[in-house]
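Visitor: predicted structure and sequence below. I'll ask about it afterward.
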Amino acid sequence: MQFTKKEIELAKRLKENRIKWHSEEGDWYFGEDGEVLLWAYNVIRTRDTWLPLLHQCREILGKAGYYFLLLSKGDNIQLDLWQKDTGNYICFFRGESDLEAIYQALLEVITNETINNE
């Protein structure tokens with residue numbers, strides 16, 4: 001699987017904001033040596049950065065009380081973020097990929113609400 005530079009940059013920001021990662025076989029991560037690797041019982045170093053997939057992001061946002069809708073807008077993807085309990089529309093995020101848009105949404109939720117996704 002390939003990740004863009006922007007996705008990796010956003011994933012690093014997620015890590016800086018203390019997104020929790022409980023590694024599982026099949027997870028992707030950005031190693032300290034600059035390589036994107038598939039985790040399969042490798043040794044994960046604290047400097048490695050998790051690259052969560054769409055279903056993992058959906059789970060984190062769901063536990064935090066959000067759901068989203070992904071829309072294709074020309075060459076971009078738009079993610080509309082909604083609050084589960086009230087049904088209120090929160091905002092939208094745009095990216096060149098679904099992961100770029102959802103990483104932006106996760107950053108917004110984490111930095112503004114300090115979610116705990118254990």
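Guide: On my side now, so go ahead.
Visitor: list the buried residues in the longest helix anywhere in the chain.
Guide: Ranked by residue count and defined by DSSP state H, the top helix of the chain is helix 98-113. For helix 98-113, a neighbour-count test (16 or more other C-beta atoms under 10 Å) marks 98, 99, 100, 101, 102, 103, 104, 105, 106, 107, 109, 110 as buried. In this view, the C-beta of every residue, glycine as well, is placed from N, C-alpha and C.
Visitor: OK, contacts around the residue nearest to the last one when sequence neighbours are not counted?
Guide: Residue nearest to residue 110 in three dimensions, not counting chain neighbours: residue 17, with 4.8 Å by C-beta to C-beta, 6 or more residues apart in numbering. When contacts are counted by C-beta atoms under 8 Å, 6 or more residues apart in numbering, residue 17 touches 107, 110, 111.
Visitor: got any ranges where this structure has weak pLDDT?
Guide: 40-44, 113-118 (pLDDT under 70).
Visitor: just the helices from it, written as ranges.
Guide: So, for the chain - with DSSP H - the helices run 5-16, 54-63, 98-113.
Visitor: just give the number of residues close to the nearest residue to residue 37 once chain neighbours are set aside.
Guide: Nearest residue to residue 37 in three dimensions, chain neighbours excluded: residue 31, at 5.3 Å (C-beta to C-beta, 6+ apart). Close neighbours of residue 31, defined as other C-beta atoms under 10 Å, add up to 14.
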